[in-house]
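Participant: Provide a 3D model corresponding to the input given below.
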Amino acid sequence: MGQVLGLDIGSAAVKFAEVACGRREPQLVRSGVIATPAGTVADGQVLQPAELGRVIQKALQRAGCRARRVACAVNGSGLLLRLVELPPLSPAQLKTSLRWELERYVPYAATAVEYDVQPLEMLPDKAVALLATAPQAVVTSLLSTLAAARLVPEVLEPGPLALLRFIGSHSAADASADPFLILDLGAASVKIIVQNKGRLEFARTITLKEFGTGADAWERVVGEIRRSADYFFLQQHRGAPHFGTCLCTGGLVHETAFLAQLEAGLGIPVQVAGEKAVGEGNSHQVPGHLLATAVGLALGEVEKHAFSHRATT
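Facilitator: Here you go, the predicted model:
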């Protein structure tokens, strides 16, 4: 298989991580963070695919990346992830059956949606599955960008799922602290994710421009995060919010005043996840908390190949 590239395209920065199978564990081979050209990306959609594709291609060449197969994140407030209960059908049948019911779950026309479904639990009378939907325009823009960068898409994966994979591989948090609150603190948006017993149970993206600027902007963001947490517990009939911990990734983890406000507002410990990226002895200069989603994307493809290889030997 060689290496695989994980690519996380944001409004302010593009993060990439080239990961290879090591003897004992996956190894980060090359990585980097480049500034997203102004006006090329907005809320997960690439507005100028040709321009951004050229920028990404040049950055990968400068970094010496050899991989051409890429796992790319789908992000933005239009990305919806939710648990659904469906008839006990095969994965292919589940996806087919959902085609006619999408408008029950998404706030936009089904004809403008790309979607996939992942069975999580098969019971005699129902299937519990994770439904992922995104605006078709977002997905098409990502594919056009990858083509312009001369990359071959292996998978387009929701960013929150890739982030959870990274957290699962690199967090030392006690599993008894379930459910976890995970925040990806980007320059333009915050992903709010709840993981419970190893699986995603809630995900939402808020855009920071909604909260304005000024001294109390962070306070408003913290309030919205807290309301999202309250909604999750209310929806799940779990009583008062009781997260064990909050793990944070993204560029805003350096805003120590904001992290202090988070800790005070949520009433739980707030930790930075990803002090290292992948593998022991990692000497790369890019902090793991910036690469979290990109590394998680690449890990998914590397682990998939490793499992397939073990199954055939």
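Participant: Run through the stretch 201-313 of the chain and note the low-pLDDT ranges.
Facilitator: 237-241, 275-285, 305-313 (pLDDT under 70).
Participant: make it 80
Facilitator: Low-confidence segments of the stretch 201-313 of the chain (pLDDT under 80): 213-215, 235-242, 274-287, 303-313.
Participant: ok, which stretches of it are strands?
Facilitator: Assigned by DSSP state E, counting those that start in this stretch, the stretch 201-313 of the chain shows strands spanning 246-249, 270-272.
Participant: okay if I get these as TSV plus distance to Lys304 and mean neighbour count?
Facilitator: Where you see a C-beta, it was placed from the backbone N, CA and C, and this is true even at glycine. Conversion of the strands of the stretch 201-313 of the chain to TSV gives the following (distance: least, CB to CB, whole Å; neighbours: other CB atoms under 10 Å):
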stretch	distance to Lys304	mean neighbour count
strand 246-249	22	24
strand 270-272	28	17
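Participant: want to throw these into CSV with distance to Pro160?
Facilitator: Shown next, in CSV, are these (distance: least, CB to CB, whole Å):
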stretch, distance to Pro160
strand 246-249, 11
strand 270-272, 18
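Participant: what number of residues lie near the closest residue to Val222 other than its chain neighbours?
Facilitator: With CB to CB, 6 or more residues apart in numbering as the criterion, Val222 has its nearest non-adjacent residue at 4.0 Å, and that residue is Gly265. Neighbours of Gly265 under the rule other CB atoms under 10 Å: 16.
Participant: What of Val221?
Facilitator: Neighbours around Val221, by other CB under 10 Å: 22.
Participant: now do Lys58
Facilitator: Neighbour tally, Lys58, other CB under 10 Å: 12.
Participant: quick one on the thing from earlier: so for Arg104, which of the strands of the stretch 201-313 of the chain sits nearest?
Facilitator: Set against Arg104 and scored by CB to CB, those come closest in strand 246-249, at 31.9 Å.
Participant: Does the closest one pack against any helices or strands, and if so which?
Facilitator: helix 159-170, strand 180-185, helix 256-266, strand 270-272, helix 288-312 (3 or more CB pairs under 8 Å, 6 or more residues apart in numbering; DSSP states H and E).
Participant: pretty sure Val4 contacts Glu18?
Facilitator: Yes. Using CB atoms under 8 Å, Val4 is in contact with Glu18, at 7.4 Å.
Participant: Any figure for the gap between Leu86 and Gln235?
Facilitator: 18 Å (CB to CB, to the nearest Å).
Participant: if you count what's nearby, which of these two comes out ahead?
Facilitator: Between Leu86 and Gln235, counted using other CB under 10 Å, Leu86 has the larger neighbour count: 17 against 12.
Participant: what's that one in contact with, if anything?
Facilitator: Leu94, Ser97, Leu98, Val117, Lys126, Ala127, Ala129 (CB atoms under 8 Å, 6 or more residues apart in numbering).
Participant: Produce a ChimeraX select command limited to the buried residues of the residues you listed.
Facilitator: The following ChimeraX line selects those of the contacts of Leu86 that are buried, judged by 16 or more other CB atoms under 10 Å:
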select :94,98,117,127,129
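Participant: Let's see which of the contacts of Leu86 end up in strands.
Facilitator: Val117, Ala127, Ala129 (DSSP state E).
Participant: nearest to Gly198, of those residues?
Facilitator: Ala129 (15.7 Å).
Participant: residues in contact with Leu151?
Facilitator: So Leu151 contacts Leu5, Leu7, Ile56, Gln57, Arg68, Arg69, Val70 (CB under 8 Å, 6+ apart).
Participant: neighbour-wise, which of these leads?
Facilitator: Leu5 (29 neighbours).
Participant: Can you name the residues bridging to it?
Facilitator: Leu5 forms beta bridges with Glu18, Val70, as assigned by DSSP bridges.
Participant: now it: how far from Arg23?
Facilitator: 21 Å.
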